[in-house]
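Q: following is a predicted model, sequence given first.
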Amino acid sequence: MGFFNSSEQNKGLSTLKYVDIKTIKDGVVVLNNGSLRAVLLVSSVNFDLKSSDEQMAIIGAYQNFLNSLDFPIQIVVSSRKLNIGPYTEILKEKAREQRNELLKIQIIEYREFITNLSEVTNIMSKYFYLVVPFAPVEDESGGVLDKITKAVHPAENITEHKELFETYKNQLWQRVDHVAAALGGTGLHFTTLNTDELIELYYGMYNPSEYAHVEITDITKSEIQQM
């Protein structure tokens with residue numbers, strides 16, 4: 001017995017044409033046109049709190065980063081409502097475990113304050129993403145027949161041929177490594193999203209009403225690479 005009736009299944013199939021993603025695997029997004037995408041979650045810096053010399057250094061490093069690129073990138077800034085539910089649950093547990101009555105009361109009052117504040121105010125968080133692309137048409141290897149086959153069925157050709165996918169993925173990661181090295185001069189931290197994180201991210205993008213409930217790994221708790 002299925003989870004959807006026929007009308008719901010038809011509705012789901014009809015909406016798929018608006019989704020440009022063929023599949024997500026090995027931390028790589030494969031689009032319908034056969035091109036690949038890697039997504040980096042990037043930290044931010046408080047530019048206004050930096051000294052004049054530090055600001056000039058950051059600007060110069062960012063300029064060098066842009067000048068080092070010989071392929072396009074996409075920078076995405078996403079604002080989303082902060083989900084403080086897990087944090088308030090931690091406070092609730094801490095209050096339950098606290099033996100000092102005064103500290104226990106303070107934790108309870110603080111939890112109530114945070115909860116009430118989130119109800120009357122939209123507490124927003126900003127996430128910064130850098131999207132690195134690679135398209136099969138950039139691959140110079142192969143004969144004319146291979147290139148025609150890739151052009152006719154680009155996504156199927158990649159997903160159904162493991163060796164071809166691995167070749168393109170390696171070329172994509174070379175670009176990611178280049179971006180990582182160049183971006184490190186700006187003082188920013190970053191992490192590459194894995195498959196699960198990519199699914200959560202794109203699910204939230206295509207389902208904005210549920211976006212606040214989707215949790216992406218906190219960059220401070222991820223395996224951060226610092227150049």
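A: The structure has been received and is ready for your questions.
Q: now Gly185, what's its secondary structure?
A: helix (DSSP: H, G, I helix; E, B strand; the rest coil).
Q: check which helix or strand covers the nearest residue to it once chain neighbours are set aside.
A: Leaving out its chain neighbours, the residue that sits closest to Gly185 by C-beta to C-beta, 6 or more residues apart in numbering is Ala61, at 4.0 Å. For the C-beta atoms, the positions are set from N, CA and C on the backbone; glycine is no exception. If you go by DSSP states H and E, Ala61 is part of helix 52-67.
Q: equivalent analysis for Ala181, please.
A: Per DSSP H and E: helix 162-183 holds Ala181.
Q: one more: Leu198?
A: helix 195-206.
Q: which parts of that helix are buried?
A: For helix 195-206, a neighbour-count test (16 or more other C-beta atoms under 10 Å) marks Glu197, Leu198, Leu201, Tyr202, Gly204 as buried.
Q: mind listing what the fourth one touches?
A: With contact set as C-beta atoms under 8 Å, 6 or more residues apart in numbering, Tyr202 has these partners: Ile21, Ile24, Val29.
Q: which of those lies closest to Leu91?
A: Among the contacts of Tyr202, Ile24 lies closest to Leu91 (C-beta to C-beta), at 34.8 Å.
Q: partner strands of the helix or strand harbouring that closest one, parallel or antiparallel?
A: Element membership for Ile24 (DSSP H and E) is strand 21-25. Sheet partners assigned to strand 21-25 using DSSP bridges are listed as strand 28-31 (antiparallel).
Q: ok now the partner strand, how far from the chain's centre?
A: 13 Å (C-alpha atoms, centre = their mean, to the nearest Å).
Q: next, the angle from the helix holding Leu198 to strand 21-25.
A: 150 degrees (axes from the mean of the first three to the mean of the last three C-alpha atoms, to 10 degrees).
Q: please parse the protein into its domains.
A: Domain assignment of the chain by automatic domain parsing yields the ranges 6-80+126-221, 83-122.
Q: low pLDDT regions in the protein?
A: 1-17, 138-160, 209-227 (pLDDT under 70).
Q: who's sitting farthest from the centroid in it?
A: Glu101 (42.5 Å; C-alpha atoms, centre = their mean).
Q: distance of that one relative to His178?
A: 57 Å (C-beta to C-beta, to the nearest Å).
Q: show me what contacts Ile21?
A: Residues counted as contacts of Ile21 (C-beta under 8 Å, 6+ apart) are Val29, Val30, Leu31, Asn32, Tyr202.
Q: quick one: strands adjacent to the longest strand seen in the chain?
A: Counting by DSSP state E, the longest strand found in the chain is strand 124-134. Strand pairing for strand 124-134, using DSSP bridges, gives strand 36-42 (antiparallel), strand 74-81 (antiparallel).
Q: what angle do the first one and helix 162-183 make?
A: Angle between the axes of strand 36-42 and helix 162-183 is 30 degrees (criterion: the same axes, to 10 degrees).
Q: need the CA coordinates for strand 36-42. CSV is fine.
A: The C-alpha trace of strand 36-42 is given here as CSV (Å, rounded to 0.1, in the frame of the first residue of the first chain):
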residue,chain,number,x,y,z
LEU,A,36,28.3,19.1,-11.1
ARG,A,37,28.2,21.4,-8.0
ALA,A,38,30.1,21.4,-4.7
VAL,A,39,28.9,23.6,-1.9
LEU,A,40,31.0,25.2,0.8
LEU,A,41,29.6,26.6,4.0
VAL,A,42,31.7,29.7,4.8
